[in-house]
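Asker: Predicted coordinates and the sequence they were generated for:
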Amino acid sequence: MHLNNMYLNTFDKYECCGCTACEQVCTKKAISMQPDNEGFSYPLVNKDLCVNCGLCEKVCAFVNPRYDNLSTPKVYATFHKQVEERKRSSSGGLFYAIAQWVISQGGTVFGAAFDDNLQLSHIGVDNLKDLEKLRGSKYLQSAMNGTYKNIKELLKQGCWVYFVGTGCQVAGLKAFLRMDYPKLLTSDLVCHGVPSQKIFNHHIAYLNKSINGTIIEYKFRNNAFWGVNEIYTYRNDKNVKSINTGHFALSPYLFQFMYGYSYRYSCYNCKFAQIPRQGDITLADFWGVKKFFPQIDAKTGVSLVLVNSEKGSVVWNAIKNNCEYYESKIEDGAKYNGNLVKQTKEPEIRKGIYEKIEKEGYEKIAETLFRPHNYRKIKVKLLITKTSLYRIAKKVFKR
């Protein structure tokens with residue numbers, strides 16, 4: 001068997017986003033996605049099966065990016081009118097509003113979900129109960145596991161499909177399909193970049209050791225108060241308990257994520273952090289929204305939405321009555337969310353960080369390189385705030 005590590009037109013890891021379009025389009029099953037030493041998957045070609053048809057290279061959206069959507073999309077600051085739905089979402093609840101509509105049309109929604117072992121992959125759901133699995137941000141790369149093929153089958157049956165993913169995942173899907181389907185709706189997420197499942201697994205193991213238990217649920221965001229901070233539920237011999245770290249800098253994983261220490265190399269060479277965007281509707285947090293719309297109550301989250309296509313406009317008009325919305329501008333949305341229009345700059349620490357973890361252990365790196373210089377100050381300040389809030393709540397309760 002003749003195998004070849006081939007990143008299609010190049011051996012450069014900056015030129016492969018791991019979308020799996022090449023693997024899923026290969027009719028000879030000559031391509032498989034294999035993890036490297038960092039845990040990121042790249043295409044491995046079996047030369048004994050390959051017939052040199054070139055189809056894999058034709059569908060490589062990273063090598064041949066396309067920008068078919070509007071260069072002047074409609075931009076909105078918006079949120080779901082139901083407060084409870086916003087609290088259960090990462091920002092303003094717009095994903096849920098759109099997904100509800102698609103399911104009401106008999107459609108299927110594809111997005112990233114954790115399994116029972118906290119392994120992240122894209123799955124499809126066709127009911128509101130299972131839709132809960134797709135809600136909330138997940139800050140690592142999800143496995144596709146044949147998702148593009150599954151979507152194609154549903155589209156050929158005439159079903160509505162809503163696919164949500166990073167810009168490169170949306171671009172990969174469109175390249176794989178090689179034609180437009182009237183009932184395919186896509187949303188690209190404004191993305192910083194993606195760490196690997198491997199480094200996330202290291203972090204979960206680190207937390208399990210620190211709590212002497214097993215984490216059974218993990219969240220990257222405080223959905224109720226629109227913030228980035230680690231919340232997890234764990235089980236041990238005695239009970240089940242939840243912990244809220246209260247600040248992203250107190251989580252080694254979130255701290256390194258926010259500063260881009262461990263992203264896939266292609267994230268620093270992203271072809272999709274720009275206008276036009278890849279999805280019919282772009283979804284993001286509208287950070288800094290109070291600066292532009294001081295009248296908005298932003299405590300439970302506000303979405304930044306770009307309507308990028310005619311199809312996106314049709315769906316937006318169908319769901320907008322469930323939302324409160326204000327027309328905005330790209331430059332305002334990008335002011336505090338720069339990845340809308342530009343890729344993350346690669347930090348100096350990135351080149352050797354996975355090797356350091358393997359050599360020195362995640363625990364040591366977590367408590368040194370993945371910790372801010374003012375870690376103790378943040379921790380004390382948060383403790384004082386929590387204590388003060390507790391005292392106020394106790395007084396109110398007594399009254």
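Answerer: Ah, there it is.
Asker: so where's this structure uncertain?
Answerer: Applying pLDDT under 70 to the chain flags the ranges 1-10, 223-224, 386-399.
Asker: Quick one: the strands in it, in order.
Answerer: 3-5, 31-35, 41-46, 74-80, 108-114, 120-125, 161-166, 184-189, 214-222, 227-235, 240-244, 281-285, 303-307, 323-327 (DSSP state E).
Asker: and these, which is most packed in?
Answerer: With neighbours defined as mean count of other Cβ atoms under 10 Å, the strands of the chain peak in mean count at strand 303-307, which reaches a mean of 27. From N, CA and C alone the C-beta is placed, and that goes for glycine too.
Asker: on that earlier part again, determine which of the strands of the chain approaches Asn208 most closely.
Answerer: In terms of Cβ to Cβ, the element of the strands of the chain nearest to Asn208 is strand 214-222, at 5.8 Å.
Asker: Partner strands of the closest one and their direction?
Answerer: Its sheet considered, strand 214-222 pairs with strand 227-235 (antiparallel) by DSSP bridges.
Asker: how much does the partner strand deviate in direction from strand 240-244?
Answerer: Counting by axes from the mean of the first three to the mean of the last three Cα atoms, to 10 degrees, strand 227-235 lies at 160 degrees to strand 240-244.
Asker: now the angle from strand 227-235 to strand 281-285?
Answerer: With the same axes, to 10 degrees as the basis, strand 227-235 and strand 281-285 are set at 80 degrees to each other.
Asker: With distance to Arg350 added, can I get the strands of the chain in a markdown table?
Answerer: Conversion of the strands of the chain to a markdown table gives the following (distance: least, Cβ to Cβ, whole Å):
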| stretch | distance to Arg350 |
| --- | --- |
| strand 3-5 | 21 |
| strand 31-35 | 18 |
| strand 41-46 | 17 |
| strand 74-80 | 32 |
| strand 108-114 | 23 |
| strand 120-125 | 21 |
| strand 161-166 | 18 |
| strand 184-189 | 21 |
| strand 214-222 | 20 |
| strand 227-235 | 20 |
| strand 240-244 | 29 |
| strand 281-285 | 23 |
| strand 303-307 | 27 |
| strand 323-327 | 37 |
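Asker: Nearest to Tyr139, out of these?
Answerer: Put simply, out of these the one that sits nearest Tyr139 is strand 214-222, at 5.0 Å, with distance taken as Cβ to Cβ.
Asker: Is it correct that Glu57 is in contact with Val63?
Answerer: Yes. The pair Glu57 and Val63 passes the contact test of Cβ atoms under 8 Å, sitting 6.8 Å apart.
Asker: And those two? Which one has more around it.
Answerer: Per other Cβ atoms under 10 Å, whichever of Glu57 and Val63 has more neighbours is Val63, with 17 against 13.
Asker: Please report the distance of the more buried one from Asp297.
Answerer: 45 Å (Cβ to Cβ, to the nearest Å).
Asker: out of the strands of the chain, which comes closest to Pro347?
Answerer: Each of these has some distance to Pro347 by Cβ to Cβ; the shortest is strand 227-235, at 18.2 Å.
Asker: CA atoms only for that closest one, dumped as CSV, please.
Answerer: Backbone C-alpha positions of strand 227-235 (Å, rounded to 0.1, in the frame of the first residue of the first chain) are rendered in CSV as follows:
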residue,chain,number,x,y,z
GLY,A,227,-19.6,36.2,28.8
VAL,A,228,-16.7,33.9,28.0
ASN,A,229,-15.9,31.7,31.0
GLU,A,230,-15.6,28.1,31.8
ILE,A,231,-18.5,26.3,33.4
TYR,A,232,-18.5,22.5,34.0
THR,A,233,-20.4,19.9,35.9
TYR,A,234,-18.6,16.9,37.4
ARG,A,235,-19.4,13.7,39.2
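Asker: which residues are contacting it?
Answerer: Under the criterion Cβ atoms under 8 Å, 6 or more residues apart in numbering, residues 207-208, 211, 213-222, 240-248, 250-251, 253-254, 258 lie in contact with strand 227-235.
Asker: same thing with stretch 310-318?
Answerer: Outside stretch 310-318, the residues that touch it by Cβ under 8 Å, 6+ apart are 74, 98, 101, 182, 185, 279-281, 305, 307.
Asker: ok, so of those, who is nearest Gln197?
Answerer: Proximity to Gln197 was ranked across the contacts of stretch 310-318 by Cβ to Cβ; first place goes to Gly279, at 23.5 Å.
Asker: To what extent is the closest one buried, counted in neighbours?
Answerer: Neighbour count for Gly279, taken as other Cβ under 10 Å: 28.
Asker: likewise the one 10 residues further on?
Answerer: Val289 is surrounded by 26 other residues when neighbours are defined as other Cβ under 10 Å.
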